[in-house]
Structure formats: C-alpha cells, structure tokens
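Asker: kindly generate the corresponding structure for this input.
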Amino acid sequence: MFNEKVYCFCSLDNSCVPLYNITVLVNDKCSSAKQQAKQNEEEIFIISEDSNAHITIEQRKKILKRVEQKGIEFIRLQFIDIFGILKSVNITPDELGDAFEGNLMFDGSSIDGYARINESDQCLVPDPSTFQIMPWRPSEKGVARMICDVYNPDGTPFEGCPRYNLKRVLKEASDMGYEVNLGPEGEFFLFHTDEKGRPTFDIHDNAGYFDLAPIDYGEDARRDIVLNMKKMGFRIEASHHEVAPGQHEIDFKYDEALRTADKWVTFRDVVKNIAKKHNLYATFMPKPFTGENGSAMHFNQSLFKDGENVFYDPKSDYQLSEIALYYVGGLLKHAKGMTAITNPIINSYKRLKPGYEAPIHVAWSNSNRSTLIRIPSRRGKSTRVELRSPDPTANPYLAFAVSVKAGLEGIKQKLQPPQCVETDVNCLTATERASIDLKYLPRDLYSALKSMEQDSLVKEAIGEHCFNRFLEGKYQEWNEYAEEVHKWEVDRYLRKY
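Answerer: Next comes the predicted model:
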C-alpha cells in the first residue's frame, strides 16, 4: 500500500525529511521535494503551517494493525456541522490510506453552514487518536470510527470547521502557558417509541432524582450506555436518574478540552444508539415538558500550568487565585454574547426559567446553584469554574471555544468579577437586584443572537465563517418559529376573540 520514501517540508529549517508514502508540503514551499515526488509518481499533499494533519508512520501502522486484528470492515469518519449535528461517512480499510492523505473529498455545500455551492469541495482528515471500535456493533465484520478535521482542497484548515476553531483557542491558551481541562455533565430524556421505532411523546418513567428500579425504568438502558462508554475509553464518575420524569444524567471524567469535546460528541452518539436497542428514543432537547426541569450541559473548567491547577490559591479569599477570578470576570463580561452558542435553539430558552435550577442572571457564587457561574466546593487540583447555562444541543467545539476565549480574555485584561451572590438570586427584591446591578441572560433566541452580533470576542473565538453562518441559520430558525401559529395561541385566543 505504501511507497518506501516520502518527503515532508519542515517549516522550521526549510528542509525536506523522509516521512512515508506521500509527499507532504507546507504551503507548497519546497519545490525540490515537489519535483522529486512527481518523478517518483508519489502523491502530493499540501498542508498549511498551522495544520494539525501530520499523521506519523507509527499512528498509521497502529490503526491498520488494530483494524486487521479486530476484523474491522467499516470505519466511520465523523465530523460535526456548525449547528452541532453529527455527520458520518463510511469507508472500508482499503480507503484508509487515502483518508489519511486528505484525499477523501465531500460536497461541503450539502452540510449546514459549511460551503457555498460554487466552493463546495472539501476533504476529511481523520485524527488517529480518536480511533475507537463501536462496541454495540457486531464484533464480526466490526465497525470503528475516527473524528475528522475538515480541510480545503489546498490542504489548509477549513475556517468553518468547529473542531479547528477550538484548536485555535486552545493554542492561544497554550501560548499563555495553560492547559485547559473541561468536564461536562450529560443530561437527556428517554421516550418510548412506536412500532416503527419513531419517538412518541410518551415518557419512559415517572421517577425522580436518584430514584432506582423498579421506579426508574431507565436503569437498564443507562447501565448499557455506561458499559459501552467504558469500552470506548470513558472514565465514568456517576450515573443516575435526574429530577424530571424520564430524565437521566451520566458524568464522565474531565479531560483536555479537545478530547472532552470529542468525548461529548461520542457520548451523544452512544446514548442514542443504546437507547434504540432498548426500544427507546433518547433526546437532548433541553425542555420537553412545561413545569419540569430541563436538561443542561453544565461544564467545569480549569487551567493547569506545569501540572498545577492555577485556579487554586490556599492563601486567598475562597482559596481562588487571581487568575481564577479574572477567568470568571471574562466569562461574566461575555455571558450574554456567548448565550446563542451555548443555548442555540428556540427550546433552550424554555429551560432558562426561575425555579428549575437553571440560571437567568449574570452572576457568580461559591455554592449557589441559581447563578450562572458556580465554584464547586472542592479545592486543590479539583478547583474549577462551573458554567451552568449551556444545554446539550450546543456544538461542544464552539461552546468550549467561546467559553475558554472569554476566560482567557479575562486573564489578559485582569477583569475583576463583581461581588459574588450567595443567596438565591430568584428571591431578591427589586431593590436588592438594583444594588448589585444584576443583569439578565437573553430571554429568547432572538435576543441572544442580537447580543452575539454585538460581541466581537465571539467572532474571534469561532471565526468569521462560523459566526456569519451561525447567525444566518439561527435567524432563519427564529423567523420560522415567529411566523408559525402555535397550539397555545389557538387555545388561548380562538374562542376568546
């Protein structure tokens, strides 16, 4: 399958070094290597200097060996569109070489928010570190997957790739000396399905927080989800029934931010597939029921430097370092602008209501769960900042990117947060609210989009392409909703007027 020698241009010393079966050029700078490759009838793959598409010989060999040993016949190459929807194309092991070389082209104009029809050619480059066997698929003629980055035909990263934009922000953190760790909490609902496997609005159980079988009908499905996640490398911290009927939560161990985003994409995929095996439908819709708690994607954030958590300072107030407070200050400053990214659908704002453990105010606290940001009680290496507004429909790459970018901006500008609020903000009087200048999160998607337009940091975090296409798609979604006559209106007004 492979040639014996290939050359890779090194942008550090302008040299060409042997790599493997293809010739990889950075920005097409090395004409001698290009000419030699053509003479040897080798494939040429051009990448940009900031590309992360370098795939080593060892990585290729390792993947091919696992594919052969495990009898894998299909590999799913997965990526996520701007609006958080998982996409996939299946290839056979024979095509892995082409995939690693960046030769797997697809029509980007058919993916929401990607490319216009006149600039539609794009390519998928799988990340070998994300290779996982899908344990719920048959072991004979098995199925594996890899998560991909999206590139332009010239080998440059596609600016509309959500994963690429998170990498940009994480590089900024790395340049400041920080490693970013994130840990989300995964909540979802289970519904019955009809005889054709389609979801019904018949909730799976009427259990409550921490209930167990036989009241918790979802225990077996949740157990299978956890077992399959463990087979895919997850470290599970807890799983249980949540507050609302049919609602469940699975928490997995925090990790480096990019790996966590990849894991969140995998988590949603596992939950839906295992639920289907139990004749159930899993939904990450934030608020299926009026009068009940909705599903969130609270995520905890921390920064490490030289193996130490820089948010922790045992000698300061609350044992929080100045860096931690600046990070919180950045999150609070950009909270309204980030909301459309962290809460991206119409239904998201039905969850952000008082009385359902969901924040509506831009405030922070040490233990108060009614605020946007909470500092969990554990300290030392476990010191972290919990952002409580996001929901599970958010694109994890974009949501993490805007959050981390806001926190880093707070550190750079030394933004001190306002006084923390340790009482239930929903119980404050108007006078008390005014005295602490308490601001509200956007009340609906339209307001959130307007706030997003006014926040230049959001555009910097997710890139101009994602920024513009996200606004375009979400304004269209809002307009369709606003023009629809809803059942509530008919029930409310038809006979009254």
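Asker: assign the closest residue to Asn426 other than its chain neighbours to helix, strand or coil.
Answerer: Excluding its sequence neighbours, the residue lying closest to Asn426 (C-beta to C-beta, 6 or more residues apart in numbering) is Pro354, at 4.2 Å. Where you see a C-beta, it was placed from the backbone N, CA and C, and this is true even at glycine. Recorded secondary structure, Pro354: coil (DSSP: H, G, I helix; E, B strand; the rest coil).
Asker: ok now do Pro354, which residues does it touch?
Answerer: The neighbourhood of Pro354, defined by C-beta atoms under 8 Å, 6 or more residues apart in numbering, consists of 360, 370, 426.
Asker: wait, is the last one part of a strand?
Answerer: No. Under the criterion used here (three-state DSSP), Asn426 is helix, not part of a strand.
Asker: and it, how many neighbours?
Answerer: Asn426 is flanked by 12 other residues according to other C-beta atoms under 10 Å.
Asker: what does Glu140 give?
Answerer: Glu140: 7 neighbours (other C-beta under 10 Å).
Asker: for it, pull up the helix or strand it's in.
Answerer: Under the criterion DSSP states H and E, no helix or strand holds Glu140.
Asker: Lys70 versus that one, what's the distance?
Answerer: 10 Å (C-beta to C-beta, to the nearest Å).
Asker: next one: Trp478
Answerer: Taking C-beta to C-beta, one finds Trp478 at 46 Å from Lys70.
Asker: over to Thr283?
Answerer: Distance from Thr283 to Lys70, by C-beta to C-beta: 32 Å.
Asker: between those two, which one's more packed in?
Answerer: The neighbour count for Thr283 versus Lys70, taken as other C-beta under 10 Å, is higher for Thr283 (18 against 12).
Asker: how about the closest residue to that one other than its chain neighbours: which residues does it bridge to?
Answerer: Leaving aside its sequence neighbours, Thr283 sits nearest to Phe189 (C-beta to C-beta, 6+ apart; 5.2 Å). The partner list for Phe189 in beta bridges (DSSP bridges) reads Gln247, Thr283.
Asker: report the contact partners of Arg268.
Answerer: 86, 186, 284, 392.
Asker: neighbours around the second one, how many?
Answerer: The one in question is Gly186. Gly186 has 24 nearby residues by other C-beta under 10 Å.
Asker: again, but for the first one
Answerer: As a burial measure, Leu86 scores 15 neighbours (other C-beta under 10 Å).
Asker: how near is it to Thr371?
Answerer: Distance from Leu86 to Thr371, by C-beta to C-beta: 32 Å.
Asker: now swap in the third one and tell me
Answerer: Phe284 is 24 Å from Thr371, where distance means C-beta to C-beta.
Asker: these two: which is more packed in?
Answerer: For Phe284 and Thr371, the more surrounded residue by other C-beta under 10 Å is Thr371, and the numbers stand at 27 against 19.
Asker: which SSE is immediately downstream of whichever strand or helix holds Thr431?
Answerer: Per DSSP H and E: Thr431 is located in helix 430-435. Using DSSP H and E, the helix or strand that follows helix 430-435 in sequence is strand 439-440.
Asker: and that next one, how far out from the chain's middle?
Answerer: 26 Å (C-alpha atoms, centre = their mean, to the nearest Å).
Asker: quick one, helices of the chain?
Answerer: Under the criterion DSSP state H, the chain carries helices at the ranges 31-39, 57-69, 96-100, 162-175, 219-231, 257-277, 322-333, 335-342, 348-351, 396-413, 430-435, 445-453, 456-483, 487-493.
Asker: now the third one: buried residues?
Answerer: Along helix 96-100, the positions that meet the burial threshold by neighbour count (16 or more other C-beta atoms under 10 Å) are 96-97, 99-100.
Asker: go on, the fifth one?
Answerer: Neighbour-count burial for helix 219-231 flags 219, 221-222, 224-226, 228-229 (criterion: 16+ other C-beta under 10 Å).
Asker: so which elements touch it?
Answerer: The helices and strands touching helix 219-231, judged by 3 or more C-beta pairs under 8 Å, 6 or more residues apart in numbering; DSSP states H and E, are strand 236-241, strand 247-252, helix 257-277.
Asker: in CSV: these, plus mean pLDDT and distance to Ala335.
Answerer: Compiled in CSV, the helices and strands packed on helix 219-231 are given as follows (pLDDT from 0 to 100; distance: least, C-beta to C-beta, whole Å):
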stretch, mean pLDDT, distance to Ala335
strand 236-241, 93, 27
strand 247-252, 95, 24
helix 257-277, 97, 19
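Asker: now for these, which one comes closest to Gly294?
Answerer: Nearest to Gly294, of all those, is strand 247-252, at 8.5 Å by C-beta to C-beta.
Asker: put the alpha carbons of the closest one into PDB.
Answerer: Output of strand 247-252 as PDB, limited to C-alpha atoms (Å, rounded to 0.1, in the frame of the first residue of the first chain):
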ATOM      1  CA  GLN A 247     -34.600  12.300  32.700                       C
ATOM      2  CA  HIS A 248     -31.100  10.800  33.200                       C
ATOM      3  CA  GLU A 249     -27.600  12.100  33.900                       C
ATOM      4  CA  ILE A 250     -24.200  10.500  33.100                       C
ATOM      5  CA  ASP A 251     -21.000  12.200  34.200                       C
ATOM      6  CA  PHE A 252     -17.600  11.300  32.800                       C
END
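Asker: how much does it deviate in direction from helix 219-231?
Answerer: 20 degrees (axes from the mean of the first three to the mean of the last three C-alpha atoms, to 10 degrees).
Asker: from here on, call the first residue 163.
Answerer: Sure, I'll start numbering at 163, so the last one becomes strand 409-414.
Asker: picking up where we left off before, now distance to Phe632 too, for the helices and strands packed on helix 381-393, in JSON lines please.
Answerer: What follows is the helices and strands packed on helix 381-393, written out as JSON lines (distance: least, C-beta to C-beta, whole Å):
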{"stretch": "strand 398-403", "distance to Phe632": "32"}
{"stretch": "strand 409-414", "distance to Phe632": "27"}
{"stretch": "helix 419-439", "distance to Phe632": "17"}
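Asker: quick one: contacts of stretch 330-343?
Answerer: 416-420, 422, 463-467, 472, 546, 562-563, 566-567, 570, 573-574, 623, 625.
Asker: rerun that using 7 Å as the cut-off
Answerer: Stretch 330-343 has contacts (C-beta atoms under 7 Å, 6 or more residues apart in numbering) with 416-420, 464-467, 472, 563, 566-567, 570, 623.
Asker: and if you look at stretch 628-637?
Answerer: Contacts of stretch 628-637 (C-beta under 7 Å, 6+ apart): 244-245, 274-275, 322, 324, 327, 502, 506, 560, 607, 611, 614-615, 620-621.
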